[in-house]
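A.B. asks: Sharing a model prediction with you, sequence too.
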Amino acid sequence: MKTRQLGKSDIYVSEIGLGCMSLPTDQKNADKIIHTAIDNGITYFDTADLYDKGENEQIVGNSFKNNRQNIILATKVGNRMKESGDGWNWDPSKKWITAAVHESLKRLQTDYIDVYQLHGGTMEDDVDEVIDTMESLKKEGLIREYGISSIRPTVINRFLQKSNAVSVMMQYSLLDRRPEEWFSLLEKNDASLFSRGTLAKGLLTADGLNRANKTNEYLSYSNAELMETIEQLQSLNAPITSVALKYVLQRKVTGSMIIGASSREQLLESIEAYNVHVSEDILQKVNQITKQDVYTEHRV
């Protein structure tokens, strides 16, 4: 498993990162997946305080309490659970972030978080307060670096322009190429991409046609367009999952692909696909096969 430098930081992340949101809530089964990831060279693990109302962080923390120094641990903040436990509110205030980071550290059983990410964002946020809070947490040694998880170009642009953020998490795949328009912005600001949804809900796997057949549409793809596109991708001289992964990795701005797995077998399938060589010719062909859409909302 290769690693890449995260933005302008001294942190290096594995090209595949484990998205922990999909982990089972049973500690034993979650441990199997996490240990499989480690055994195969995955060093980057991504969770959030919102997942399973904090239980996900706790499970991840239990798995890493004796192996913390060998992994890069990331979590997110900004979505504040209601006291009733029914839903959450957006709260990017200094007061909440400062309180939330200590709760995350406690659940994760660690003294520091490698990458702390703002879990969303709006143009109504006091971005200067958010950035000041993140910088303060860095000075205290509670976090090493920070970034943002958002698909809103306006929010991302403002955050990068004003901060020392090293990462942006965006949904990005062969079937969702909207972020490509903004990669130069990330590069200009020395920030790396964390791609999520890289396999497009399983549409970019061997089971893609079956999944597409049960899907009315996917983003701007009608069902007919989706079926035709997946058929063309599956006809290439390389497994569709390998093509999907290598397409994202060919981008210089990519730091890590966040791949979720609810079982050990599912994770191993993604790792096996990652290890397959995909030619430059194929990567060029998929540019013509898939759409290069752009975001129609939240424009800069």
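C.D. replies: Done, it's in.

A.B. asks: how close does the residue nearest to Leu219 when sequence neighbours are not counted sit to Val101?
C.D. replies: Leaving aside its chain neighbours, Leu219 sits nearest to Asp176 (5.9 Å; criterion: C-beta to C-beta, 6 or more residues apart in numbering). C-beta here means a position set from N, CA and C on the backbone, and glycine is covered the same way. Distance of Asp176 to Val101, given as C-beta to C-beta, to the nearest Å: 31 Å.

A.B. asks: how far is stretch 63-77 from where the chain is centred?
C.D. replies: Mean-position distance between stretch 63-77 and its chain equals 16 Å (C-alpha atoms, centre = their mean, to the nearest Å).

A.B. asks: what does it rub up against?
C.D. replies: Stretch 63-77 is contacted from outside by 11-14, 17, 27, 30-31, 34-35, 38, 43-50, 57, 60, 96-97, 100-101, 104, 108-110, 113-119, 149, using C-beta atoms under 8 Å, 6 or more residues apart in numbering.

A.B. asks: Could you tell me which of those residues belong to helices?
C.D. replies: Counting by DSSP state H, the contacts of stretch 63-77 place 27, 30-31, 34-35, 38, 57, 60, 96-97, 100-101, 104, 108 in helices.

A.B. asks: can you tell me which two in those residues are farthest apart?
C.D. replies: By the measure C-beta to C-beta, His35 and Trp96 form the most distant pair in those, at 33.6 Å.

A.B. asks: phi, psi of Asn62?
C.D. replies: Torsion angles at Asn62 (phi, psi; degrees, to the nearest 10) stand at phi -60, psi -40.

A.B. asks: what number of residues lie near it?
C.D. replies: Residues near Asn62, counting by other C-beta atoms under 10 Å, number 16.

A.B. asks: my read: it touches Gln109, true?
C.D. replies: Yes - under the criterion of C-beta atoms under 8 Å, Asn62 makes contact with Gln109 at 7.1 Å.

A.B. asks: any idea of the mean pLDDT in stretch 113-132?
C.D. replies: Averaged across stretch 113-132, pLDDT comes to 94.

A.B. asks: Repeat that for stretch 67-77.
C.D. replies: So the average pLDDT for stretch 67-77 ends up being 93.

A.B. asks: How many residues are close by the closest residue to Arg251 other than its chain neighbours?
C.D. replies: In space, and not counting its chain neighbours, Arg251 is closest to Phe183: 6.4 Å by C-beta to C-beta, 6+ apart. Using other C-beta under 10 Å, Phe183 is surrounded by 17 other residues.

A.B. asks: What residues does Phe183 make contact with?
C.D. replies: Leu193, Arg251, Val253.

A.B. asks: what's the offset of the helix or strand bottoming out on mean pLDDT in the chain from the middle of its chain?
C.D. replies: Across the helices and strands of the chain, the lowest-confidence element by mean pLDDT, DSSP states H and E is strand 79-81, at a mean of 76. Centroid displacement of strand 79-81 relative to its chain, using C-alpha atoms, centre = their mean, is 19 Å.

A.B. asks: Which residues does it contact?
C.D. replies: Taking contacts as C-beta under 8 Å, 6+ apart, the residues outside strand 79-81 that touch it are 48-50, 53-54, 87-91, 96, 100, 119-120.
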